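Participant: task: produce atomic coordinates for the following.
(one chain, ligands or ions: 1)
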Amino acid sequence: MPMEKPKDDIIAAIYRVIQERKANPSESSYTASLMAKGVDKILKKVGEEATEVVIAGKGGKREEIVYETADLIFHNLVLLGFYDIDPEEVYAELRRRFGISGIEEKESRVG
Ligand SMILES: N=c1c2ncn([C@@H]3O[C@H](COP(=O)(O)OP(=O)(O)OP(=O)(O)O)[C@@H](O)[C@H]3O)c2ncn1[C@@H]1O[C@H](COP(=O)(O)O)[C@@H](O)[C@H]1O
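Facilitator: Numbers count the residues shown, from 1 in each chain. Presented below is the predicted three-dimensional model:
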């Protein structure tokens, strides 16, 4: 039976599926196969997908930028899943930065 499409936080929903695939791997799961290959394979995919975002960005086609960005976000979520880092931790970091100018933040860094 196909999974019901989540109506709210798609990132949280995908992360839950990733954690479920990690805990209960099956042969039909791409996520499980990636996890089984280890972190270097996940990192390779993140690198490839990031490069594809760059190529799509150069091409300027909205549809391709959206498609490749979705691939990159998904593979980033697999990396977070590998280390059991909940996307909420990334949201919290983004919330902490909210309203702080990037230039100001860089100047305030020590070292
Ligand atoms: N969002 C995604 C998602 N985005 C991309 N992909 C897969 O990522 C892969 C990347 O494609 P590529 O052509 O770059 O890679 P490839 O050639 O297949 O792989 P390599 O040979 O490079 O290892 C494809 O198999 C895509 O289907 C995804 N696979 C899964 N999800 C989500 O994860 C859920 C669980 O998926 P399974 O683990 O497969 O059940 C799904 O319901 C989706 O919500």
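
Participant: surely Thr69 and Val54 touch.
Facilitator: No - the criterion here is CB atoms under 8 Å, and Thr69 misses it with Val54 at 11.0 Å. Bear in mind the C-beta positions are built from the backbone N, C-alpha and C, glycine included.

Participant: higher neighbour count, the two?
Facilitator: Thr69 (16 against 11; other CB atoms under 10 Å).

Participant: residue contacts, that one?
Facilitator: 53, 56 (CB atoms under 8 Å, 6 or more residues apart in numbering).

Participant: same check, this time on Ala36
Facilitator: Ala36 touches Pro25, counting by CB under 8 Å, 6+ apart.

Participant: C-alpha coordinates for the helix or strand of the chain with the lowest mean pLDDT, PDB please?
Facilitator: Taking mean pLDDT, DSSP states H and E as the measure, helix 102-108 is the helix or strand of the chain with the lowest mean score, a mean of 83. The C-alpha trace of helix 102-108 is given here as PDB (Å, rounded to 0.1, in the frame of the first residue of the first chain):
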ATOM      1  CA  GLY A 102      26.000  37.300   7.800                       C
ATOM      2  CA  ILE A 103      28.600  40.000   7.600                       C
ATOM      3  CA  GLU A 104      28.200  40.900  11.300                       C
ATOM      4  CA  GLU A 105      28.300  37.200  12.300                       C
ATOM      5  CA  LYS A 106      31.600  36.600  10.300                       C
ATOM      6  CA  GLU A 107      33.200  39.700  11.900                       C
ATOM      7  CA  SER A 108      32.200  38.400  15.400                       C
END
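
Participant: for this protein, which residues are neighbours of the ligand?
Facilitator: By CB under 6 Å from any ligand atom, the part of the chain that sits against the ligand consists of 14, 17, 21, 29-32, 71, 74.

Participant: related to what we said a few turns ago, and the least confident helix or strand of the chain, how far out from the chain middle?
Facilitator: Its chain's average C-alpha position is 26 Å from that of helix 102-108, according to CA atoms, centre = their mean, to the nearest Å.

Participant: repeat that for stretch 41-58.
Facilitator: Per CA atoms, centre = their mean, the centroid offset for stretch 41-58 relative to its chain is 12 Å.
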